[in-house]
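Visitor: okay, sequence plus prediction incoming.
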Amino acid sequence: MRFHVVSLPHTQTTAAYNNCAFAQLTRRFCAMMTSLGHEVVLYSGEDNDAPCAEHVTCITKLQQMELMGVSKPADILKYPFAGITYEPAQPWWRAWNKLVLKQASKRLQPGDFLCLIAGGVLFEPLIEAVHDRIIVAEYAVGYAGVSKDSWHCFGSSNWQHVVFGLQQYANWRGRPFDRVIPHYFDTSEFEYREIKDDYFLYLGKLKEDKGVGIASMVAKELGARIIFAGQGPTPIEYGEVQNKYIGVAERRDLLAGARALFVPSLYVEPFGMVAVEALLSGTPLITSPWGGLGEINVDGATGYTCHILRDFMQAAREIDNIDPAACRERGLLYDMHSLKYEYQNWFADLDTLRDKGWYATQF
């Protein structure tokens, strides 16, 4: 199979962009498909460490800086990614569609797949230009803006049903060629540590809807040490705040050393990638139950799921009862080298759409 994988206009497909989930999912997707012997053509920025047959630079760092209005490439890593929003009318998405289409039109062949991430609605000009001759697949869907002219693979079952509800498909019918495959991780990127340091951790965007206030309140009530690491606008009342870009090595160390990771999101999380990163580090979870978090965190086994403040308080008091080895074992279910076969099967099903589709009976 041949896959044309499109990244984002404001990132590089490198490990350094660990604060962009889409960039990391793109890297790993390329690695999975390449390891299965498929041909991957990647359309992205200048820097790339993802395995692929061809890396097509569609936007230079200078163009990125001009488009995002920043003075140096490193500024694009800073929250909120130079002010970029996931709205299709924004100029960077319009420009990105044109840049990618210019390169992809030279390479697309019948029987290929066009693989998109971050929102099919962002790529409607590209999809409109090719979907009548190429199968368009949105992989690792963790957003609501899917295209009606593509097929979708969701990171969690809960999020699939949220999107189905929002899209209001006719007669509430399912889509048999859509799939749910959990987000996937390179387990070698994380350090398993059984003996923990004496701190709780919040790692991610410092935003109110991510529940930073809950984590701060719980730690203050218990008089416990907590580290908030990430970028964002919300002031933190209690705790040690590292409001900055967190590098790869620092992120790995923080996750491995924490007594527990707080992920108390107030909204329905499409997945919750940092929760799996913690599990791979042997670090228990204290989470809300919404969306993908309710599928990742096994209450009482890998941590605790919480609804109201006293739940979070009790979870923090009892978190040392959770076995780090059980957390690691759960995290290994999200190994990219296992989940790549589920993607292989999904694309094999999509490939039948070129002929009999749902009615195909031969493998």
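Guide: Structure's in. What do you need? Numbering: from 1, shown residues only.

Visitor: show me what contacts residue 226?
Guide: Taking CB atoms under 8 Å, 6 or more residues apart in numbering, we find residue 226 in contact with 199-202, 215-216, 219, 238-240, 262. All C-beta spots, glycine's among them, are computed from the backbone N, C-alpha and C.

Visitor: phi and psi next, for it.
Guide: phi -140, psi 140 (degrees, to the nearest 10).

Visitor: hmm, residue 94 is touching residue 125, no?
Guide: Yes. Taking contacts as CB atoms under 8 Å, residue 94 lies within contact range of residue 125: 7.5 Å.

Visitor: what ranges do the helices span in the stretch 251-363 of the chain?
Guide: Listed in chain order, the helices of the stretch 251-363 of the chain (DSSP state H, counting those that start in this stretch) span 273-280, 293-296, 309-318, 324-331, 336-351.

Visitor: out of the ones you listed, deepest packed?
Guide: Mean neighbour count (mean count of other CB atoms under 10 Å) peaks for helix 273-280 among the helices of the stretch 251-363 of the chain, with a mean of 26.

Visitor: residues in contact with that helix?
Guide: By CB under 8 Å, 6+ apart, helix 273-280 touches 21, 24, 183, 185, 187, 190, 192, 201, 203-204, 251, 255, 258, 261, 263, 284-285, 287, 292-293, 296-297, 302, 327-328, 330-332, 334.

Visitor: could you redo the last one with a cut-off of 7 Å?
Guide: 21, 183, 185, 187, 190, 203-204, 255, 261, 263, 285, 287, 293, 296-297, 302, 327-328, 330-331, 334 (CB atoms under 7 Å, 6 or more residues apart in numbering).

Visitor: can you confirm residue 16 is in a helix?
Guide: No. Counting by DSSP: H, G, I helix; E, B strand; the rest coil, residue 16 is not part of a helix but coil.

Visitor: next, count neighbours for it.
Guide: Residue 16 is flanked by 17 other residues according to other CB atoms under 10 Å.

Visitor: okay, it: pLDDT?
Guide: Here, the pLDDT recorded for residue 16 equals 92.

Visitor: ok, back up a step: buried only: go through the contacts of residue 226 for me.
Guide: 199-202, 215-216, 219, 238-239, 262 (16 or more other CB atoms under 10 Å).

Visitor: burial count for residue 198?
Guide: Residue 198, neighbours per other CB under 10 Å, totals 9.

Visitor: repeat for the one 10 residues further on
Guide: By other CB under 10 Å, the residues close to residue 208 number 13.

Visitor: pLDDT wise, what is it at?
Guide: At residue 208, the pLDDT recorded in the model is 95.

Visitor: domain map for the protein?
Guide: The record assigns the chain these domain ranges, following automatic domain parsing: 2-184+335-359, 187-334.

Visitor: weakest of those domains by average pLDDT?
Guide: domain 2-184+335-359 (a mean of 93).

Visitor: in strands, which of the buried ones among the contacts of residue 226 fall?
Guide: Counting by DSSP state E, these place 200-202, 262 in strands.

Visitor: looking at these, which is nearest residue 11?
Guide: residue 202 (23.3 Å; CB to CB).

Visitor: dump the residue contacts of the closest one.
Guide: Residue 202 touches 212, 215, 226, 228, 262, counting by CB under 7 Å, 6+ apart.

Visitor: wait, what's in contact with the first one?
Guide: Residue 212 is in contact with 202, 206, 228, 234, 236, counting by CB under 7 Å, 6+ apart.

Visitor: now stretch 23-35: buried residues?
Guide: Applying 16+ other CB under 10 Å to stretch 23-35 flags 23-34 as buried.

Visitor: kindly export that stretch (C-alpha atoms) in CSV.
Guide: C-alpha atoms of stretch 23-35 as CSV (Å, rounded to 0.1, in the frame of the first residue of the first chain):
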residue,chain,number,x,y,z
ALA,A,23,2.9,15.9,15.4
GLN,A,24,3.8,12.8,17.5
LEU,A,25,0.9,10.7,16.1
THR,A,26,2.1,11.6,12.6
ARG,A,27,5.6,10.5,13.4
ARG,A,28,4.5,7.2,14.8
PHE,A,29,2.0,6.6,12.1
CYS,A,30,4.7,6.9,9.5
ALA,A,31,6.9,4.5,11.5
MET,A,32,4.1,1.9,11.8
MET,A,33,3.2,1.9,8.2
THR,A,34,6.9,1.9,7.1
SER,A,35,7.7,-1.0,9.4
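
Visitor: how far away is the nearest residue to residue 264 once chain neighbours are set aside from residue 38?
Guide: Spatially, and ignoring its direct neighbours in sequence, residue 264 is nearest to residue 211 (3.2 Å; CB to CB, 6 or more residues apart in numbering). Distance of residue 211 to residue 38, computed by CB to CB, to the nearest Å: 39 Å.

Visitor: and what of residue 285?
Guide: 34 Å.

Visitor: which residue of these two possesses the greater neighbour count?
Guide: residue 285 (28 against 18).

Visitor: who's in contact with the more buried one?
Guide: Residue 285 neighbours (CB under 7 Å, 6+ apart): 260-261, 263, 275, 278, 297, 302-303.

Visitor: try 6 Å this time
Guide: Residues in contact with residue 285 (CB atoms under 6 Å, 6 or more residues apart in numbering) are 261, 275, 278, 297, 302-303.

Visitor: swap in residue 102?
Guide: Residue 102 neighbours (CB under 6 Å, 6+ apart): none.

Visitor: how close does residue 123 get to residue 151?
Guide: 14 Å.

Visitor: who has more neighbours out of the two?
Guide: Shown here are residue 123 and residue 151; by other CB under 10 Å, residue 123 has more neighbours (28 against 23).
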